[in-house]
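# Okay, structure incoming, though there's no sequence with it:
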């Protein structure tokens, strides 16, 4: 007697390669949408503008959460995945974290009633936006890492260079802050925001580390 699996069950045992890469690509694209809104902080000059951008990022972050949940559901429902499911889960989580941290940064700026951004804050936002676009390109290349390994390495190097740039801006800003700021409340306010912005840059580099590991596994 021949036993035939129902189509719905059979689908769970079939590799869903394209589906996962399409979903990851969509999340990475939404990260860039968030980065565009995040980047507008550099030109914002009033609390009202900060609030408007914060609200925009909250909406974008909610969309990202929905997309991530769709990805996790697909992962749970698929028996055979194109790469290790733990790697897929970690990659999706790392992408989602970038938007989460951008939204948290803008919320902090609003809640701390920051009147204006300092030059180092603007620089960290610039770096985070540029790094987010590198992340999107890297995710596009993940599927083709075996055929485009050299190109992938170029973008991974660019992403890491941006993270190093962000670290430099952060260290110098923190040093200057403790050297020049005499108001304890203002020092804490600026320190917290600078640290949050630097954390956003670090989150982009975490995606790079995961992809670099994947590329070495599947090269």
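Good, I have the coordinates. Keep in mind it's a predicted model, so treat the numbers as computed, not measured. Numbering: from 1, shown residues only.
# And the average pLDDT for the helix or strand encompassing residue 191 is what?
Using DSSP states H and E, the element containing residue 191 is helix 184-218. Average pLDDT, helix 184-218: 93.
# same check, this time on stretch 37-44
On average, stretch 37-44 scores 96.
# Next: stretch 126-145.
The average of the pLDDT scores along stretch 126-145 is 90.
# List the buried residues of it.
By neighbour count on 16 or more other Cβ atoms under 10 Å, the buried set for stretch 126-145 is 126-143, 145. In this view, the C-beta of every residue, glycine as well, is placed from N, C-alpha and C.
# Same check on stretch 157-174?
Result for stretch 157-174 [16+ other Cβ under 10 Å]: buried residues 158-160, 162-163, 165-166, 169-170, 173-174.
# tell me which of those residues is nearest to residue 67?
Within the buried residues of stretch 157-174, the smallest distance to residue 67 is 21.3 Å, found for residue 159 (Cβ to Cβ).
# Hmm, the closest one is touching residue 133, no?
No. Residue 159 lies out of contact with residue 133 (Cβ atoms under 8 Å); the separation is 9.6 Å.
# which residues does residue 205 contact?
By Cβ atoms under 8 Å, 6 or more residues apart in numbering, the contact set of residue 205 is 131, 159-160, 162-163.
# Run a quick neighbour tally on residue 124.
Burial of residue 124 is recorded as 28 neighbouring residues (other Cβ atoms under 10 Å).
# Give me the nearest residue to it, chain neighbours excluded.
Leaving aside its chain neighbours, residue 124 sits nearest to residue 197 (3.9 Å; criterion: Cβ to Cβ, 6 or more residues apart in numbering).
# what do you get for residue 39?
residue 129 is the one closest to residue 39 (Cβ to Cβ, 6+ apart), at 4.2 Å.
# Contacts only, for that neighbour.
So residue 129 contacts 35-36, 38-39 (Cβ under 8 Å, 6+ apart).
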